[in-house]
Each structure stands twice: as C-alpha cells, then as structure tokens.
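**Student:** got a predicted model here, sequence first, then my questions.
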Amino acid sequence: MAIGLALEAAEVLEHFQWKNEREMEEYIKIHKKDIGEELSDVLYWVLLMSYDLRIDLVKAFNKKMIKNAQKYPVKEARGRHTKYNEDQ
C-alpha cells in the first residue's frame with residue numbers, strides 16, 4: 001500500500017515537474033481536473049492504509065497539527081522556506 005501511495009504521489013508531482021511559477025499557474029488552469037484525479041488516487045491510498053492499520057486519521061491529523069504548531073511557531077516560521085531556527 002505504501003508503494004501505491006508513493007507512486008500516486010509521484011503522479012501528482014509529474015504535473016509540476018520542470019515548470020516555473022508562471023508555467024504552473026497556466027498549467028493548473030488547464031489541467032485542474034487531471035490533478036484532482038491524481039490527488040483523489042493519493043487520498044484513496046491514504047484512506048485505505050489508515051483503515052487497514054486502524055489509524056484514526058482525524059485524531060492523528062489534529063495531534064500532528066498541534067505538534068507542528070509547537071515545532072514551527074507561526075510568528076517565527078511564516079514566510080520562510082528554511083526552518084525557522086536555521087539561518088537564511
């Protein structure tokens with residue numbers, strides 16, 4: 001299942017590979033449906049794995065967001081592409 005998830009995520013990535021920001025904006029307008037279908041495939045595998053592994057995704061997601069908020073305080077991390085405690 002994890003391999004299926006990774007492969008589907010790679011198919012999402014293929015839509016954005018080798019495009020600059022302007023090209024991506026234009027591409028998304030034209031291929032939004034296709035990208036949505038690939039994202040749906042990723043979601044399928046995530047849901048299947050969470051079901052088979054008996055993981056409550058809502059609970060796991062909420063816990064992870066709390067952990068991220070502590071690890072990456074908005075005040076220090078917003079607008080940065082590097083980790084807030086690393087030099088830019």
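**Tutor:** Great, that's in hand.

**Student:** for residue 55, what are phi and psi?
**Tutor:** phi -110, psi 120 (degrees, to the nearest 10).

**Student:** and the pLDDT for it?
**Tutor:** pLDDT, residue 55: 98.

**Student:** how about it, nearest residue that isn't a chain neighbour?
**Tutor:** Spatially, and ignoring its direct neighbours in sequence, residue 55 is nearest to residue 49 (7.7 Å; CB to CB, 6 or more residues apart in numbering). Every C-beta, even on glycine, is put in place using the N, C-alpha and C of the backbone.

**Student:** that neighbour: neighbouring residues, count only.
**Tutor:** For residue 49, the neighbour count with other CB atoms under 10 Å is 15.

**Student:** state the helix or strand in which it lies.
**Tutor:** helix 21-52 (DSSP states H and E).

**Student:** in that helix, what counts as buried?
**Tutor:** 38, 41-42, 45-46 (16 or more other CB atoms under 10 Å).
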